[in-house]
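A.B. asks: Build the 3D model from these lines:
(chains A and B)
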Amino acid sequence: MKARLLGLVVTAGMLAAGYAFWRSPGTPGSIASNEETRTRGGQLVASIRAVPRSFNRLVAREQTAELLSLLTQGRLVRINRSTFQLEPWLAEKWDASPDGRTFTLHLRPGVTWSDGQPFTAADVLFTLQAVFDSKTESVVTEQLTIDGKPITAAAPDDHTVVLTYPAPSGPGLRLLDALVILPKHRLEAALKDGTFTNAWNSATPPADIVGTGPFTLREYVPGQRLVFDRNPRYWRKAADGTQLPYLDRIVLQVIPDQDAELLRLQAGDIDMTQSELRPDDYVAAKHAESQGKLKLVELGVGPDADAFWFDLKAEAWKKDPRFAFVSRREFRQAISHAVDRETFAENVFLDAAVPIWGPITPGNRIWFSPNVLRYPHDVNKARELLKGIGLEDRNGNGVVEDAQGHEARFTVITQRGIGWYERGTNELRTQLARAGIALEVAPIDNGALIKRMLSSDYEAIYYRPLTTDLDPAANMDFWLSTGSGHFWNLPDEGDGGVSPGAGLVRAATPEWQARIDTLMTEQAATLDPEKRKQIFNEVQKTFAENLPVVYFVAPRLYYAHNARVLGVVPSVQRPPALWNADLLAVRH
Amino acid sequence: MLLTRLAPGDITANLGAFAPPGEVARTRARFDLDRSPVAQWGGWAVRASRFDFGDSFLYNRPVGALIRRAAVNTAILAVAALAVATLVGIPLGILTGSRRGVLPATVRAVSLVCLSVPPLLTSLFLVFLASRTGWLPPGGMTSVDVIDASWSTWMLDVARHLPLPALALALPLAATFERLQAQAMSETIRQPFVVAAMARGVAWRQLLVDHAWRASLRSMCAVYGLAIGALLSGSFVVEYVTAWPGLGRLMYEALRARDIYLVAGCAAMGGVFLAFGSVAADLLLFAADPRVRERQAA
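C.D. replies: Numbering: from 1, shown residues only, chains lettered A, B, ... in the order given. Next up is the predicted model:
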């Protein structure tokens, strides 16, 4: 009897512990704090380097617009930027059909917009209508398009939304992290009269902008600051029942210069920034931490890395004979062999980087595959590969050339003013010179670089393209030869370029790229996570063997914030701290 | 405006790498980038004559409203920097122009250093110093604590933020004033009327201030108009580094974003500043030099 009673007590204890765990920080709706007690009140000052052009996330693609949407708006579900797991948000639960095409989402009851109007399924339907309205040209349409077709929605009642996907989707509801829900009662008229794209632009009075997020915009002084006050109608509560957010106010100060930003962080003038530390700033931040001014956090290996690529679009080279060897994978493999990644990490990132051989870094813990072809540093091997495709230093000037005398000499463009880009290109120039490949470095303005990239007006680029989500199916535009983010070989108009997932393959696509297209399309439509991982490992393997883009190292990221800020759960994705703004507090 | 147009890239680069062609085309049309540079400039000039400087791409609002606000902030900074430069540079110039010794030599050496160091370094150094010592706010025009504060508190807060950018702007200018004043003074005290005054037994200090300094002001006044122009151009980098929300920073941001009408509006306002500087210099000269007044009267 005693044993049975003990068993009951233990079981009850385990159930209680399980319940407590379930109600732990991972579960939105109630959050337990596991550090210094956080209390309501106070204001947090953060910096941003660029001004917002719009408060409407569906039409604005800048990082600032994403940050503002995290502060003022809500999504049906969200991806936790720390764990990368899907979390319920405005939808508190959902059911999925066995074929993975239909999701019934149950909206959280009692949620209201910041102006007091109730949040209902009609708002979700309206937002999807806006996303797929051709006049809107929404920046998230591509992410929410599957197999070239839109997600459809129905609302059986005010608190239920049924989403039907045109085809099974591997990421499933993760796609909805991009879908910021906007208020129908405020924006319906703009959608009807075709002015939705310009609605909620940066000149809109703050009072007109309403949301379901933890804060509301109170003031925008152009070029200076944005002030956000607590949204008193925010739906989320802490584990102890405290109404969130903790903070009364968040102020975003516009500080365009990164040096000034760091100095003001050290001085305590701002509490946090929206980017990780540059490698050069680590020592200063460490010193400030030792004085108790800052808290320094290692975020781990970043999910994005600097990339080096040649324009592989044949038409762009016209009749330039160098394309004959640029288009050979042996040439790009020789480059990968010629670079000593350890030295590269040391000289470019001051040793705060790890070697990589593909676009998926170890920072992407779920999808990274270590089993891809690696290219150990070996200059002789590089020269052998070059010789194998007819490139030798025939005239003894240190640069290899083909039989007709066309030298492997290229101009690489990179963004001006970014320390590691300039160091990276110089390091590449030095290291590739040992293998007989000559690079001339041209740092140019970012706008000019983008323009030249999009018009295929370049030979080689060194740059860091950013991914939107760690799930590869959310970056189909990068992987598919018909994708608009396939930057090393951009598709032409009418190539199906804006419809990733359509499974289109260009006539001129090499065999290995066609294989990636097929695998990625299959992967995106597969529901079994293990199967998806296997397929994507194969994609990474194929990519690493053919190297359309060469990767050398992925940086280790560090983030610094004022020590008075509590509740920071840093993320390798931007914004590193404010993604979790409702849980942040300050020591009074 | 023409240079902004001719520089590589345009406004549409800010729309992002993968902006839809429709959005790019609409943006180009909105800012007349689909017209020839001459047609674009002509249209803008006609509108500008009615004080309509067009819209800003970055801020989505009329350029006029933006530059008015920024110009006031720049004027506050410029007046403060000019006052500091005048109050420091001119007395030191009188000292170094009229005396020999260790002190004047030291002042001359410091002046040369201040003249040689570009405003970028000065402002970065001052921001660094402020952030390390905490003596002054390291940037901005106001702190976030005064968002709801009274007018007087706001003014006090601006006064606390002003010294850093004002000093960064004023130091090279004070050094210029010191060098010019010293040169003018050393020439003036060798003039016969000064020697005559000395012979009549006028006290040295009175001689310097009432006679030699006033006579030497002619060249100083002439340089004031240029100084205001220099303040404006120097404010580009100082306002950027110290996050002072003035015309220089606005124009820098506009140039970076190729915000063509905002650049043109800022340049036009810069022209107004220069014109104001020239008029102010003439008026000062008129007030300081009796020979000018006499010539006008004649």
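
A.B. asks: Mind jotting down where the strands sit in the stretch 251-400 of chain A?
C.D. replies: A:294-301, A:307-310, A:353-355 (DSSP state E, counting those that start in this stretch).

A.B. asks: wait, isn't A:Ala154 in contact with A:Val161?
C.D. replies: Yes. Contact status for A:Ala154 versus A:Val161: in contact at 7.4 Å, counting by CB atoms under 8 Å. Where you see a C-beta, it was placed from the backbone N, CA and C, and this is true even at glycine.

A.B. asks: Using a markdown table, lay out the strands of the stretch 251-400 of chain A together with distance to chain B, mean neighbour count and mean pLDDT.
C.D. replies: Output for the strands of the stretch 251-400 of chain A, formatted as a markdown table (distance: least, CB to the nearest CB, whole Å; neighbours: other CB atoms under 10 Å in any protein chain shown; pLDDT from 0 to 100):
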| stretch | distance to chain B | mean neighbour count | mean pLDDT |
| --- | --- | --- | --- |
| strand A:294-301 | 12 | 19 | 92 |
| strand A:307-310 | 13 | 22 | 97 |
| strand A:353-355 | 24 | 21 | 96 |
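
A.B. asks: Adding distance to A:Ala442, write these out as JSON lines.
C.D. replies: As requested, the strands of the stretch 251-400 of chain A are arranged in JSON lines below (distance: least, CB to CB, whole Å):
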{"stretch": "strand A:294-301", "distance to A:Ala442": "29"}
{"stretch": "strand A:307-310", "distance to A:Ala442": "14"}
{"stretch": "strand A:353-355", "distance to A:Ala442": "24"}
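
A.B. asks: Among those, which comes closest to B:Leu208?
C.D. replies: Taking CB to CB, strand A:294-301 is the member of the strands of the stretch 251-400 of chain A nearest to B:Leu208, at 53.0 Å.

A.B. asks: how about the CA coordinates for the closest one, as PDB?
C.D. replies: Output of strand A:294-301 as PDB, limited to C-alpha atoms (Å, rounded to 0.1, in the frame of the first residue of the first chain):
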ATOM      1  CA  LEU A 294      28.500  45.300 -20.700                       C
ATOM      2  CA  LYS A 295      27.500  41.700 -20.800                       C
ATOM      3  CA  LEU A 296      29.200  39.800 -23.600                       C
ATOM      4  CA  VAL A 297      27.500  36.800 -25.000                       C
ATOM      5  CA  GLU A 298      28.900  34.200 -27.500                       C
ATOM      6  CA  LEU A 299      26.100  33.400 -30.000                       C
ATOM      7  CA  GLY A 300      28.000  30.600 -31.600                       C
ATOM      8  CA  VAL A 301      28.800  30.200 -35.300                       C
END
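
A.B. asks: Quick check: closest non-adjacent residue to the closest residue to chain B within the stretch 151-300 of chain A.
C.D. replies: Distance from chain B to each residue of the stretch 151-300 of chain A (CB to the nearest CB) is smallest for A:Ala267, at 3.5 Å. Closest residue in space to A:Ala267, ignoring its immediate chain neighbours: B:Ser131 at 3.5 Å, by CB to CB, 6 or more residues apart in numbering or on different chains.

A.B. asks: what's the burial count for the one you found?
C.D. replies: Using other CB atoms under 10 Å in any protein chain shown, the number of residues around B:Ser131 comes to 24.

A.B. asks: check which helix or strand covers it.
C.D. replies: Take DSSP states H and E as the rule and B:Ser131 turns out to sit in helix B:119-133.

A.B. asks: Same question for the helix or strand that that helix is followed by: list its buried residues.
C.D. replies: As assigned by DSSP H and E, the chain's next helix or strand after helix B:119-133 is helix B:151-161. Buried positions in helix B:151-161, judged by neighbour count with 16 or more other CB atoms under 10 Å in any protein chain shown: B:157-158, B:161.

A.B. asks: a markdown table please, covering those and showing pLDDT and distance to chain A.
C.D. replies: Below are the buried residues of helix B:151-161 laid out as a markdown table (pLDDT from 0 to 100; distance: CB to the nearest CB, whole Å):
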| residue | pLDDT | distance to chain A |
| --- | --- | --- |
| B:Asp157 | 91 | 13 |
| B:Val158 | 92 | 13 |
| B:His161 | 92 | 10 |
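
A.B. asks: Up against chain B, what does the stretch 251-400 of chain A have?
C.D. replies: Proximity of the stretch 251-400 of chain A to chain B, by CB under 8 Å from any CB of the partner chain, involves residues A:251, A:253-257, A:259-260, A:263-264, A:266-269.

A.B. asks: quick one: which of those has the most company?
C.D. replies: Neighbour max across those (other CB under 10 Å) = A:Ile255, 28 neighbours.

A.B. asks: which secondary structure elements does the helix or strand where B:Glu239 lies contact?
C.D. replies: Using DSSP H and E, B:Glu239 sits within helix B:214-242. Packing partners of helix B:214-242 (3 or more CB pairs under 8 Å, 6 or more residues apart in numbering or on different chains; DSSP states H and E): helix A:258-266, helix B:63-98, helix B:119-133, helix B:163-188, helix B:247-257, helix B:260-288.

A.B. asks: Quick one, which of these gets closest to B:Tyr240.
C.D. replies: helix B:247-257 (5.2 Å).

A.B. asks: Tell me what angle that closest one forms with helix B:163-188.
C.D. replies: Comparing the axes of helix B:247-257 and helix B:163-188 via axes from the mean of the first three to the mean of the last three CA atoms, to 10 degrees yields an angle of 110 degrees.

A.B. asks: Residues contacting the helix or strand hosting B:Ala45, please?
C.D. replies: If you go by DSSP H and E, B:Ala45 is part of helix B:37-48. Helix B:37-48 is contacted by residues B:1-2, B:5-6, B:32-33, B:35, B:53-54, B:260-261, B:264, B:268 when judged by CB atoms under 8 Å, 6 or more residues apart in numbering or on different chains.

A.B. asks: Make CSV out of the residues you listed and add neighbour count.
C.D. replies: Below are the contacts of helix B:37-48 laid out as CSV (neighbours: other CB atoms under 10 Å in any protein chain shown):
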residue, neighbour count
B:Met1, 17
B:Leu2, 12
B:Arg5, 16
B:Leu6, 8
B:Asp32, 19
B:Leu33, 18
B:Arg35, 14
B:Phe53, 22
B:Gly54, 21
B:Ile260, 26
B:Tyr261, 25
B:Ala264, 23
B:Ala268, 16
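
A.B. asks: Quick one: low-confidence residue ranges for the chain.
C.D. replies: Defaulting to chain A. Across chain A, the ranges flagged by pLDDT under 70 are A:1-35, A:468, A:493-507.

A.B. asks: actually it's chain B I care about, not the one you picked
C.D. replies: B:8-9, B:16-18, B:229-230, B:232-234, B:296-298.

A.B. asks: Right, I'll leave it there.
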